[in-house]
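1. One predicted model, sequence on top.
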Amino acid sequence: MQVTYLSSAAIVVETEGASVLCDPWLVDGAFEGSWCHYPPLDVDPEDFDHVDYIYISHIHPDHFDPATLRRLNTEIPVLIHDYRWDYLKDEISALGFEVIELDHNSRTHLAGDLHVNILAADACDPEVCGNYFGCSWVEENPELGSTQVDSLAVFDDGEYTVVNMNDCPYPMVERSMRQVKEGYGNIDLVCHQYSAAQFYPQCMEDYTHEEKLRARDDVIEEKHELATEFIDLFDPDYYMPFAGEYVLAGRLAPLNRYTANPPRIEALEWFEAHVDPDEHRCVFLNSGEHLDLAAGRVSKPYEPVDQAAKREYIEAELANRTFTYERDPIPDVSELREQVRPAFERFERKRKQLGYETETTVLIGLAPEEYVELSFTGDGYDFVTDPDLSTYDGYVKFELDPRLLGRLLSGPDAVHWADAKIGSHLGISKQPDIYERQLYNCLGSFHA
């Protein structure tokens, strides 16, 4: 069995009898155009039309990328977890693929000697996962089945076992991890997240340059330390830190210095210093290179990226790109205001469903100095001009392109608030400086 690294969470797992392409994000421009690859990929989606299966872990655009899938052979079956809701299945089916839904923790034969087992990250504690979307905890019905928006996959050929954790966060996924360890015993390779695919701290407009750098380093350290939990629990022979690797393009390019997405060589050095190399071997690979588990070797040693060349590429190439919404006409402020009422009604239903209240007020920029003010205590909404932030008990203020806001208000089929946030398209200021998870979950329903 061998595992080939492509980029971010995109890998190929293969034996002599079968192959699976996992989470293929192979085209620049995820998250409304802001996420790109570096080094630029020298492979095309069409290069993988020979694989037997595609596995997609969850719906986030750096894992489920329609632009990549549109260029792949639709005759290839797509494997996903059998979630309680069919949003992922429906999106993939709409692209022309056959979707195979697999039950939680059910080892399934694919072809040759290759088997797969997909488990959802369903140890549902919303305070840990921060994701209230479609959650059994909210529904107050633990029998609904797997509802989280993430999954992990175990591949084995009867001799070697590979665990692909993609974005599954620890400790939310610990229960599923223990099921895998108990069921398979020895784990040869675990592929796991080690960096932060999030808006913080690069989007914080009320942070100074120094504060952003300190916050960036703190998040990197936190993510690295959490990653060691995967290694400790699985006790693998090899581990591959991956996923969430990206560079920001367009007008967001200057924010790259602040993302908690460190140079891979720095991550490699951190893990080699903090994880016993005699017990577990850290594997970083360049795109297109592989680890052969039977031979116990990599196809080519890892070659670190030239950081000066990376900065030059970002400035000369990526910074000049445009986002999808920047091609839209700029909406009139009156058009945005008209969508606020139905959007707030949907938002308020969600807030009441969750039973969530906070004294924090959300301010969303409609135009220069004009905002819509959202209450989380049942007091409705208002339009305000040049608000005095000192008068609020707490606030989260969003600055964004009006063309993006127009799409957000149109609904998640156009753009989802979570994707806009992860894509770093939202400028954010907040006091107190805390992250209220349910506030952002409620905001996801603010669309007409």
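-> Structure's in. What do you need? Numbers count the residues shown, from 1 in each chain.

2. So which residues of the stretch 1-150 of the chain form helices?
-> Using DSSP state H, counting those that start in this stretch, the helices of the stretch 1-150 of the chain run over 66-69, 87-94, 126-129, 136-139.

3. Any idea how many residues pack against residue 92?
-> Using other CB atoms under 10 Å, residue 92 has 21 other residues around it. For the C-beta atoms, the positions are set from N, CA and C on the backbone; glycine is no exception.

4. Kindly state the pLDDT recorded for it?
-> Looking at residue 92, its pLDDT reads 98.

5. which residues touch it?
-> Shown in contact with residue 92 (CB atoms under 8 Å, 6 or more residues apart in numbering): 56, 64, 69, 78, 80, 99.

6. TSV for those residues, including pLDDT and distance to residue 322?
-> Below are these laid out as TSV (pLDDT from 0 to 100; distance: CB to CB, whole Å):
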residue	pLDDT	distance to residue 322
56	98	27
64	97	23
69	98	23
78	98	30
80	97	32
99	98	32
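
7. ok, which pair from those is furthest apart?
-> 69 and 80 (12.4 Å; CB to CB).

8. if I read this right, residue 110 contacts residue 52, doesn't it?
-> Yes - at 6.7 Å, residue 110 counts as touching residue 52 under the criterion of CB atoms under 8 Å.

9. which one of these two has more residues nearby?
-> residue 110 (20 against 16).

10. That one - nearest residue in space that isn't next to it in sequence?
-> residue 18 (5.1 Å; CB to CB, 6 or more residues apart in numbering).

11. how many neighbours does that neighbour have?
-> So residue 18, with other CB under 10 Å, has 20 neighbours.

12. now residue 308
-> 8.

13. Just to be sure, it is in a strand?
-> No - looking at residue 308 with DSSP: H, G, I helix; E, B strand; the rest coil, it is helix, so not inside a strand.

14. Low-confidence stretches in the chain?
-> In the predicted model of the chain, residues 122-148 satisfy pLDDT under 70.

15. who does the residue lying closest to residue 165 once chain neighbours are set aside bridge with?
-> Spatially, and ignoring its direct neighbours in sequence, residue 165 is nearest to residue 192 (4.3 Å; CB to CB, 6+ apart). Assessed by DSSP bridges, residue 192 has beta-bridge partners residue 241.

16. Can we start the residue count at 48 from this point?
-> All set: I'll call the first residue 48, so the last point we hit is now residue 239.

17. roughly how far apart are residue 239 and residue 405?
-> 33 Å (CB to CB, to the nearest Å).

18. With residue 294 instead?
-> Counting by CB to CB, the gap from residue 294 to residue 405 is 34 Å.

19. out of those two, which sits in the busier spot?
-> Higher neighbour count among residue 294 and residue 405: residue 294, with 22 against 17, using other CB under 10 Å.

20. The nearest residue to residue 160 once chain neighbours are set aside: neighbouring residues, count only.
-> Nearest residue to residue 160, sequence neighbours excluded (CB to CB, 6+ apart): residue 204, at 4.4 Å. Counted with other CB under 10 Å, residues neighbouring residue 204 total 20.

21. just checking, residue 204 touches residue 158?
-> No - assessed by CB under 8 Å, residue 204 is found out of contact with residue 158, at 10.8 Å.

22. what's the burial count for residue 365?
-> 22.

23. burial of residue 328, as a residue count?
-> Residue 328, neighbours per other CB under 10 Å, totals 17.

24. Give me the phi and psi for it.
-> phi -100, psi 120 (degrees, to the nearest 10).

25. surely it meets residue 278?
-> No - using CB under 8 Å, residue 328 is not in contact with residue 278; the gap is 10.7 Å.

26. Counting neighbours, which bits of stretch 87-102 end up buried?
-> 88, 92, 94-95, 98-102 (16 or more other CB atoms under 10 Å).

27. Contacts only, for the spatially closest residue to residue 285 that is not a sequence neighbour.
-> Spatial nearest neighbour of residue 285, excluding adjacent residues (CB to CB, 6+ apart): residue 236 at 4.4 Å. Residue 236 makes contacts with 50, 207-210, 283-287, 330, 338, 340, as judged by CB under 8 Å, 6+ apart.

28. cutoff 6 Å now
-> Contact partners of residue 236, counting by CB atoms under 6 Å, 6 or more residues apart in numbering, are 209, 283, 285.

29. would CSV of the residues you listed with distance to residue 231, secondary structure and neighbour count be doable?
-> Below are the contacts of residue 236 laid out as CSV (distance: CB to CB, whole Å; DSSP: H, G, I helix; E, B strand; the rest coil; neighbours: other CB atoms under 10 Å):
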residue, distance to residue 231, secondary structure, neighbour count
209, 10, strand, 27
283, 11, coil, 22
285, 15, strand, 19
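
30. Domain boundaries for this structure, per the record?
-> 49-367, 375-490 (automatic domain parsing).

31. Comparing those domains, which stretch has the densest surroundings?
-> domain 49-367 (a mean of 18; mean count of other CB atoms under 10 Å).

32. quick one: the strands in the stretch 48-197 of the chain?
-> 49-54, 57-61, 66-69, 82-83, 100-102, 125-128, 146-149, 155-158, 161-167 (DSSP state E, counting those that start in this stretch).

33. got the ones you listed as CSV, with distance to residue 199 columns?
-> Output for these, formatted as CSV (distance: least, CB to CB, whole Å):
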stretch, distance to residue 199
strand 49-54, 15
strand 57-61, 13
strand 66-69, 11
strand 82-83, 22
strand 100-102, 10
strand 125-128, 9
strand 146-149, 12
strand 155-158, 14
strand 161-167, 5
